[in-house]
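S.K.: Sequence and predicted structure below; questions after.
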Amino acid sequence: MATKSSVDQLNGYLRGELSAVETYRMALDKLDANSPARFELESAKQSHMQRVTLLKDAIMQLGGKPVEGSGPWGAFAKAVEGAARVFGDKAAIAALEEGEDHGLKDYKDGIEDKDLDAQSRSIVVTELLPEQQRTHGRLSALKKQLSS
């Protein structure tokens, strides 16, 4: 039973990561080519792409099938795209940071999940959460920098 619940939890994380990749891709498409935010957003997108790969591998190792889409998280991606188009870079960065906040909360909550198997919990603690904290911190700093 722990395996099924671990697969379900990891697939939940995977949906969030797929949405993050989609969101960053959309934001980068709308971002001004000379924006000072471009490097940070590209770096964050790469980090999320690496987490997608890590999660898919972990799910398959447990005998599960990785989800293929972001599901309801895709709506968040569309909202960020709209913010970037209408309100500009600062609004898009703020929306991306909000998504990073949510991802950080998800990973922290997942550590407490009693149904998550030891190996999956270890992946969350040693790889996913630290990367999420890194992208969250960098987006928060970028948001403050652009507000100055």
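M.R.: Cool, got the structure. Numbers count the residues shown, from 1 in each chain.
S.K.: Please state the backbone phi and psi of residue 58?
M.R.: Phi and psi for residue 58, reported as degrees, to the nearest 10, are phi -60, psi -40.
S.K.: Surely it and residue 121 touch.
M.R.: No: contact criterion C-beta atoms under 8 Å: residue 58 and residue 121 do not qualify, at 10.9 Å. All C-beta spots, glycine's among them, are computed from the backbone N, C-alpha and C.
S.K.: So these two - more neighbours on which side?
M.R.: Ranked by neighbour count (other C-beta atoms under 10 Å), residue 58 and residue 121 place residue 58 first, with 23 against 17.
S.K.: ok, that one - contacts?
M.R.: Residues in contact with residue 58 (C-beta atoms under 8 Å, 6 or more residues apart in numbering) are 10, 119-120, 123.
S.K.: of those, buried ones?
M.R.: Neighbour counting over those (16 or more other C-beta atoms under 10 Å) leaves 10, 120, 123 as the buried ones.
S.K.: Show me where this protein dips below the pLDDT cut-off.
M.R.: 1-2, 71-88 (pLDDT under 70).
S.K.: ranges for the helices of it?
M.R.: 2-30, 38-61, 73-87, 89-111, 118-123, 129-147 (DSSP state H).
S.K.: Please tabulate those helices in JSON lines, including the columns distance to residue 67.
M.R.: Below are these laid out as JSON lines (distance: least, C-beta to C-beta, whole Å):
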{"stretch": "helix 2-30", "distance to residue 67": "5"}
{"stretch": "helix 38-61", "distance to residue 67": "8"}
{"stretch": "helix 73-87", "distance to residue 67": "10"}
{"stretch": "helix 89-111", "distance to residue 67": "15"}
{"stretch": "helix 118-123", "distance to residue 67": "15"}
{"stretch": "helix 129-147", "distance to residue 67": "18"}
